[in-house]
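A.B. asks: I'll drop the sequence and a predicted model, then ask my questions.
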Amino acid sequence: MTYDEFVAEVIAYRIATRQRQGQAYFNMLFMARPDLSEQIRTTPLDPFYEEKVSDECIAFVKSNW
């Protein structure tokens, strides 16, 4: 799965589950790349409790994909 495919999955998942953008992004990241989700969990990059995913989080995930 490419990063762009991942983002498409996040969008579909968010619509289906009605989760916050950050929550859906993190949950899908945990399913697709648990190694990356663990690297950002409980750090300032963690988007789980945020309405939107920060540019810094996106940049980190993309560069480590």
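C.D. replies: Sure thing, it's come through. Remember, it's a predicted structure, so these values are computed and weren't measured experimentally. Numbers count the residues shown, from 1 in each chain.
A.B. asks: mind checking the longest helix of this structure?
C.D. replies: helix 3-17 (DSSP state H).
A.B. asks: just checking, what packs against that one?
C.D. replies: Packing partners of helix 3-17 (3 or more C-beta pairs under 8 Å, 6 or more residues apart in numbering; DSSP states H and E): helix 21-32. For every residue, glycine as well, the C-beta is placed using N, CA and C.
A.B. asks: What sits closest to the residue most central in space within the chain if chain neighbours are left out?
C.D. replies: The centroid of the chain falls nearest to Tyr25 when counting by C-alpha atoms, centre = their mean (2.8 Å). Using C-beta to C-beta, 6 or more residues apart in numbering and skipping residues adjacent in sequence, the residue nearest Tyr25 is Val53, 4.8 Å away.
A.B. asks: residues in contact with that neighbour?
C.D. replies: If you count contacts by C-beta atoms under 8 Å, 6 or more residues apart in numbering, Val53 has them with Gln21, Gly22, Tyr25, Pro47.
A.B. asks: low pLDDT regions in the protein?
C.D. replies: Applying pLDDT under 70 to the chain picks out no residues at all.
A.B. asks: rewinding a little: are any of the contacts of Val53 buried, and which?
C.D. replies: Taking 16 or more other C-beta atoms under 10 Å as the criterion, what is buried in these is Gly22, Tyr25, Pro47.
A.B. asks: and of those, the nearest to Thr2?
C.D. replies: Within the buried ones among the contacts of Val53, proximity to Thr2 (C-beta to C-beta) peaks at Tyr25, which comes in at 15.7 Å.
A.B. asks: Touching, the closest one and Val10? I think so.
C.D. replies: Yes. Assessed by C-beta atoms under 8 Å, Tyr25 is found in contact with Val10 at 5.3 Å.
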